[in-house]
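K.L.:
sequence unknown, structure follows:
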Ligand SMILES: [Zn+2]
């Protein structure tokens, strides 16, 4: 007789469905698993045999053949144990098949259930495939939004799973797992204290942060050591709106692969890699493959502190995701496209000693040129906002003159601007630009002999400035400000 069960495995960074088939026939007792199992999956035979014995479940006496479909996919890890055990019990006629139910746990020799690695990513894939009930081991809290997609049943032992499957309708999810995390995600979604407000006389820089956050414009702060570039860069994340539940779940699934203790949150992620980061660490790599920093920072902020200290190859690898919002990773002859729509913020010194233009610089002209050549020109071209920071002004030489904008108001303006900007991804110069703004843009571009990319970037910057002012229409003053912001700091 044949028994079936559904589970999932990690295929590199992505998750794939696995259909388990178990056939029990008469003959010489033998237990074999086919369908490209790795050694952890193969060892399931010993764990399952002992678990059946210790849970007082009758182990089939004949020949057992387990097939893992699709056969071409290499199955790694121990999360298939429970599904294989259930398929055998179904083949023996001890359990009936139930549609839209899946199993995801490792078995201990005593029949206890152990959590599979990075469960949330696998569960998300199962939910996408229409699975409505998932049996897992008790473990870290399941994020609230995932528990609303499917009924997640946490059981401690194989005996409990068999009892729950026998008693239809099934026992509901353990309340503490879901309700606890609902509360956590709500608390995380609010910012308890606005650190940005504790940085006075930085009105211009805060305006830059808001423009960057609203239109996802890459931003670079340049200044001498101790001027506060890093502190300000860290606060960019505070201006980003909360993630949608779907985005937060997807982000959590990637973080869970690199950090089993990752916490679910609706707040966007902030990644701040060290400058020894390799191109592979940035884009995603390893064996088994792991998501890179650009994917971990998806929908959040990627902060490169002292960005000229990163290797040229690493900085060059930023070009593809900055342009397209995705990264293509090729490993073992397979290509995976991963999301990488992050907001880039960097800091840099103006020269190797850090004081050029601010104090007594001891660097030779040649050294300064070599220092700047560390950042590839095409990458520098893609950074919309470059700002040379001064020491905290005493309020008299503040470029905007007035009081600092309040972080709460900035965050609201960013959210409203995104609502204007996000539905339309492409610029329509006829509908969105005033005729005079178009002439101004053409005139300034001709005068400065800029490339087509710079024209598009400046137009997008102008659109963000208008959206921050809650306008659909782009005016002359928006174009002027965009040009001033883009060109003033470029030397
Ligand atoms: Zn210097």
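P.N.:
Cool, got the structure. Not measured: the values here are computed from a predicted model.
K.L.:
what's the neighbour count on the nearest residue to residue 108 once chain neighbours are set aside?
P.N.:
Once flanking residues are discounted, residue 108 sits nearest to residue 114: 5.8 Å by Cβ to Cβ, 6 or more residues apart in numbering. In short, each C-beta sits where N, CA and C put it, glycine included. Around residue 114 there are 16 other residues, counting by other Cβ atoms under 10 Å.
K.L.:
what's the spacing between residue 114 and residue 107?
P.N.:
Computed with Cβ to Cβ, to the nearest Å, the distance linking residue 114 and residue 107 is 7 Å.
K.L.:
Check residue 455 too.
P.N.:
Spatial separation of residue 455 from residue 107 under the definition Cβ to Cβ is 62 Å.
K.L.:
need the residues of this protein near the ion, please.
P.N.:
The interface of the chain toward the ion, taken as Cβ under 5 Å from the ion, is made up of 351, 353, 356, 361, 363.
K.L.:
you'd agree the residue nearest to residue 108 is up against residue 136?
P.N.:
No - counting by Cβ atoms under 8 Å, residue 136 is not a contact partner of residue 114; they are 10.2 Å apart.
K.L.:
Touching both of those two, which residues are there?
P.N.:
residue 105 (Cβ atoms under 8 Å, 6 or more residues apart in numbering).
K.L.:
mind checking pLDDT for residue 408?
P.N.:
Looking at residue 408, its pLDDT stands at 86.
K.L.:
Please look at it and residue 210 and confirm they touch.
P.N.:
No - with contact defined as Cβ under 8 Å, residue 408 does not count as touching residue 210 (12.0 Å).
K.L.:
the more surrounded of these two?
P.N.:
The residue with more neighbours, out of residue 408 and residue 210, is residue 210; 23 against 13, by other Cβ under 10 Å.
K.L.:
Quick one: residues contacting the residue lying closest to the more buried one once chain neighbours are set aside.
P.N.:
With Cβ to Cβ, 6+ apart as the measure, residue 410 is the residue that lies nearest to residue 210, at 4.8 Å, once sequence neighbours are left out. If a contact means Cβ under 8 Å, 6+ apart, then residue 410 has 196, 206, 209, 210, 239 as its contacts.
K.L.:
try 10 Å
P.N.:
Contacts were defined as Cβ atoms under 10 Å, 6 or more residues apart in numbering; by that measure residue 410 touches 194, 196-197, 206-207, 209-210, 213-214, 235, 238-239, 404, 468.
K.L.:
which of those tops the neighbour count?
P.N.:
Neighbours here are counted as other Cβ under 10 Å. On that basis the top member of those is residue 213, with 29 neighbours.
K.L.:
Would it be right to say that that one lies in a strand?
P.N.:
No - residue state for residue 213 (DSSP: H, G, I helix; E, B strand; the rest coil) corresponds to helix; a strand is not indicated.
K.L.:
what residues are up against it?
P.N.:
When the contact criterion is Cβ under 10 Å, 6+ apart, the partners of residue 213 are 219, 236-241, 268, 301, 343, 345, 410-411, 413-415, 417-418, 464, 468.
K.L.:
Secondary structure element holding the residue nearest to residue 210?
P.N.:
Using DSSP states H and E, residue 410 sits in helix 407-421.
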